[in-house]
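Q: quick one: sequence and predicted model below, then my questions.
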Amino acid sequence: MLSDFRIGLLAKFLCFAIIAVGISLIWGFTGIMSLGHGVFFGLGAYCMAMYLKLEASTSGVPDFMEWNGITELPIIWTMFKNPIFAIGSAILLPFLIAWIIGYFTFKNRIKGVFFSLISQAVVVVTVTLFIGSQQITGGTSGLTNFFTVFHVPLADPGTKSFLYFLTVSLLAIVMGIALILTKTRFGRLLIAIRDGENRLRFLGYNPAVFKVFIYALSAAFAGIAGALFVLQVGIITPEMMGIIPSIEMVLWVAIGGRHSILGAAIGAILTNSAKSFLSETYPEFWTIFLGGLFLLVVLYLPNGLVGIVEKFKVRFFKKEKKEEEKGATDSLVS
Amino acid sequence: MSIIVTQLFNGVSLGSILLLIALGLAITFGLMNIINMAHGEFIMMGAYTTYVLQQVFIQYLPKAAFGYYFILAIPLSFLVAALFGLLMEKTVVRFLYERPLDSLLATWGVSLILQQVARSIFGAPNVAVVAPEWLNGGLTLAGMTFPYKRLFIVALVLMCIFLLFLYLYKTPSGRRMKAVTLNRDMASCLGVSTRRVDSTAFAIGSGFAGIAGCSLTLIGSIGPTLGTSYIVDAFMIVILGGIGKLKGTIIAALMLGVLSTFVELSTSATFAKVIVFAFIIIFLQWKPTGLVGAKVRALD
């Protein structure tokens, strides 16, 4: 049986798996590498955290604002008194922002590496904004010290297990949505965008519409994950949405297998388990290990763990060999 | 008036450092389609080389010689960064040509490893490099003071650009590099060893990052994450200037430097970053290929 601490960790990893599913949709299936999903994760987390913070502050104004001498709640915050609004915006705000960024970049056919770098710049800008506007966001220390959600204590074992099952079921729903999307015609269009966007254009489709939608959808997934993360972990800081976490999210998917929804989710859970094990035992070692993983996966395992499994499958069930091999070479084009 | 001139000067000096960083990226990106996220770590290497050289001078050489360490540090940091760049090209990057997104991930892995190594060797806290005596003070002109350090950096960058253009236009090796940039297959057919050109280009690009790191020691203290703070700006410059266009990179770097110092003057540093970024996005709406973007008919 797992201890409470381990269950808490697992719940956290399941949140990350939700993000990984979104990234697999946009990167593995559509061929767009976003290095900015930390922002959407953070936005979702901050929306939820603002509600929790308001519920935790007895005087009506969060403690860090009091320290800054603010007695009146800023207008941005007042709306977050309503939990429905907070939860709704945790999902819709990332969706909308991704929609806007996506609209302006994909419409102008900014793609590939350019999009990745721009999405990374979005991270830098957002993080500096969040750190800079300390009166509203709490600055570098972020938002923490939450006690209750819907007036139920967060530390309560019942709440904890409820949140855990909520995360599991939301992960299942997100994976279900992603699997349905990829198995249908829409999914084939995404793969077509990845493998030959211009050919799709010549067939009369507008790839930008699909790209914007899938980008926004994966951002919404990240937002959901952020909200769940805050409920379980109880803190969100600008650092958690920075460049390093954003790129790490891509790594989870790369390790699991970018072309598989299930693989991405498993990759997120496995990588983070390895991370928490390694950083507990060798705190210094983890970054080197992380960097080494990047190198190994990119150089030798372009299809991640799923790729290894498929290779074994081919070895043991030789009759499917031809199709499998064909599929493997196809998916290398990304 | 004097404020505008001082700000303009500050902008140019900031832009020239960014330019030095972006030049290396522009070479590797334009020539080899490689996104080198470890470029920031070559900056760090240059900075730490300068630091080590300074320590050596303090410990082993007479006090009178100390003033000249910086002159020696410039070529040395170029060499160190270029050697590591060459090593990285031979061991990692060469497997990733034509896979730009993957090259981004792999080189980021390298950057993480290098940062941790630097942290283990030099410690996590920042270390300061003492500038030589002759770089302290400033030039006073019509009531305005221009610090020697910043003037020196601008001059250094000008010299680097001059040498780079000399290399590209006057030497056989540089011409081969240009040929590969223009048409890799054709150059290969004509007997140019594209493999060797790639290695050279990567080494030169990394070396420029090393010089940038060396000059950054004049501005502030240095730490393992020194490169990270500049790398995103440098990439934005490369995109804004147009891929593989050195002229575009130069204009974009100066533009960004001047723009951000002026915006910073009227608002805050935080806001400046947002505005400059918004400017880049808006500009790309108008010219998606950058300032000096090449028109290509190629389709996938």
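A: Cool, the structure landed.
Q: contacts and neighbour counts: CA atoms only from here.
A: Will do.
Q: outside of the helix or strand bottoming out on mean pLDDT in chain B itself, list whatever touches it.
A: Lowest on mean pLDDT, DSSP states H and E among the helices and strands of chain B sits strand B:138-141, with a mean of 78. With C-alpha atoms under 8 Å, 6 or more residues apart in numbering or on different chains as the contact definition, strand B:138-141 has outside contacts at B:145-149.
Q: let's see 6 Å
A: With contact meaning C-alpha atoms under 6 Å, 6 or more residues apart in numbering or on different chains, strand B:138-141 is reached by B:145-148.
Q: which parts of the stretch 201-300 of chain B sit against chain A?
A: Contact residues (C-alpha under 6 Å from any C-alpha of the partner chain) of the stretch 201-300 of chain B with chain A: B:270, B:274.
Q: rerun at 10 Å
A: For the stretch 201-300 of chain B, the residues in contact with chain A (C-alpha under 10 Å from any C-alpha of the partner chain) are B:228-229, B:232-233, B:235-236, B:238-239, B:243, B:268-278, B:280-282, B:284-289, B:299-300.
Q: give the buried subset of those residues as a ChimeraX selection command.
A: In ChimeraX, this line selects whichever of those come out buried by 16 or more other C-alpha atoms under 10 Å in any protein chain shown:
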select /B:228,232,233,235,236,238,239,243,269,270,271,272,273,274,275,276,277,280,281,284,285,288,289
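Q: which SS class is the residue of the stretch 201-334 of chain A found nearest chain B?
A: Chain B sits closest to A:Gly291 of the stretch 201-334 of chain A, with a gap of 3.6 Å, by C-alpha to the nearest C-alpha. Three-state assignment for A:Gly291 (DSSP: H, G, I helix; E, B strand; the rest coil): helix.
Q: need the contact list for it.
A: By C-alpha atoms under 10 Å, 6 or more residues apart in numbering or on different chains, the contact list for A:Gly291 reads A:248, A:251, B:105-116.
Q: on that earlier part again, just the ones of the residues of the stretch 201-300 of chain B next to chain A in helices?
A: Among these, DSSP state H puts B:228-229, B:232-233, B:235-236, B:238-239, B:269-278, B:280-282, B:284-286 in helices.
Q: so which of the contacts of A:Gly291 belong to helices?
A: Using DSSP H, these in helices are A:248, A:251, B:105-116.
Q: ok, the residues you listed vs B:Phe78, which is closest?
A: Set against B:Phe78, the nearest of the ones in helices among the contacts of A:Gly291 by C-alpha to C-alpha is B:Leu114 (17.1 Å).
Q: tally of neighbours for the nearest residue to the closest one once chain neighbours are set aside?
A: In space, and not counting its chain neighbours, B:Leu114 is closest to B:Glu41: 6.7 Å by C-alpha to C-alpha, 6 or more residues apart in numbering or on different chains. By the criterion of other C-alpha atoms under 10 Å in any protein chain shown, B:Glu41 has 30 neighbours.
Q: give me the neighbour count for residue 112.
A: With no chain named, the answer covers chain A. Close neighbours of A:Gly112, defined as other C-alpha under 10 Å, add up to 16.
Q: wait, chain B was what I had in mind.
A: Neighbours of B:Leu112 under the rule other C-alpha under 10 Å: 25.
Q: next up, the contacts around it.
A: B:Leu112 makes contacts with A:244, A:286-292, A:294, B:37-38, B:41, B:106, B:118, B:225, as judged by C-alpha under 10 Å, 6+ apart.
Q: same thing but 7 Å
A: By C-alpha atoms under 7 Å, 6 or more residues apart in numbering or on different chains, B:Leu112 lies in contact with A:287-288, A:291.
Q: per-residue pLDDT, the residue in chain B that chain A sits nearest to?
A: Ranked by C-alpha to the nearest C-alpha, the top residue of chain B for proximity to chain A is B:Gly109, at 3.6 Å. Here, the pLDDT recorded for B:Gly109 equals 90.
Q: also the one 4 residues further on?
A: Reported pLDDT at B:Ile113 in the predicted model: 91.
Q: now swap in A:Lys321 and tell me
A: As predicted, A:Lys321 sits at a pLDDT of 52.
Q: A:Ala49 now?
A: As predicted, A:Ala49 sits at a pLDDT of 91.
Q: ok, it touching A:Leu228?
A: No. With contact defined as C-alpha atoms under 7 Å, A:Ala49 does not reach A:Leu228; the gap is 10.0 Å.
Q: in CSV, list the contacts of strand B:138-141 along with distance to A:Gly204 and secondary structure.
A: Listed next are the contacts of strand B:138-141 as CSV, based on distance: C-alpha to C-alpha, whole Å; DSSP: H, G, I helix; E, B strand; the rest coil:
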residue, distance to A:Gly204, secondary structure
B:Thr145, 61, strand
B:Phe146, 59, strand
B:Pro147, 59, strand
B:Tyr148, 60, helix
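Q: what ranges does the stretch 101-250 of chain A have for its strands?
A: Assigned by DSSP state E, counting those that start in this stretch, the stretch 101-250 of chain A shows strands spanning A:143-144, A:148-149, A:152-153, A:235-236.
Q: which strands or helices does the first one pack on?
A: When you say that, I think you mean strand A:143-144. Applying 3 or more C-alpha pairs under 7 Å, 6 or more residues apart in numbering or on different chains; DSSP states H and E, one finds that strand A:143-144 contacts strand A:235-236.
Q: same deal with the second one?
A: Other helices and strands packing on strand A:148-149, by 3+ C-alpha pairs under 7 Å, 6+ apart, are helix A:37-56.
Q: quick check: mean pLDDT across the strand or helix carrying B:Glu41?
A: Per DSSP states H and E, B:Glu41 falls inside helix B:39-60. Regarding helix B:39-60, the rounded mean pLDDT is 90.
Q: buried stuff in the top helix by length along chain B?
A: When chain B is parsed with DSSP H, its longest helix is helix B:2-32. Neighbour-count burial for helix B:2-32 flags B:7-32 (criterion: 16+ other C-alpha under 10 Å).
Q: over to stretch A:282-289?
A: Buried residues in stretch A:282-289 (16+ other C-alpha under 10 Å): A:285-289.
Q: adding mean pLDDT and distance to A:Ser260 as columns, could you present the strands of the stretch 101-250 of chain A in JSON lines?
A: Shown next, in JSON lines, are these (pLDDT from 0 to 100; distance: least, C-alpha to C-alpha, whole Å):
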{"stretch": "strand A:143-144", "mean pLDDT": "84", "distance to A:Ser260": "34"}
{"stretch": "strand A:148-149", "mean pLDDT": "77", "distance to A:Ser260": "35"}
{"stretch": "strand A:152-153", "mean pLDDT": "78", "distance to A:Ser260": "38"}
{"stretch": "strand A:235-236", "mean pLDDT": "90", "distance to A:Ser260": "29"}
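Q: now render those strands as CSV, adding distance to A:Ala268 and mean neighbour count.
A: Below are the strands of the stretch 101-250 of chain A laid out as CSV (distance: least, C-alpha to C-alpha, whole Å; neighbours: other C-alpha atoms under 10 Å in any protein chain shown):
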stretch, distance to A:Ala268, mean neighbour count
strand A:143-144, 25, 21
strand A:148-149, 27, 18
strand A:152-153, 29, 12
strand A:235-236, 19, 22
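Q: now the host helix or strand of A:Arg315: average pLDDT?
A: Using DSSP H and E, A:Arg315 sits within helix A:304-316. Taken as a whole, helix A:304-316 has a mean pLDDT of 83.
Q: which helices and strands does that helix pack with?
A: When contacts are defined as 3+ C-alpha pairs under 7 Å, 6+ apart, helix A:304-316 sits against helix A:243-256.
Q: sweet, I'm off.
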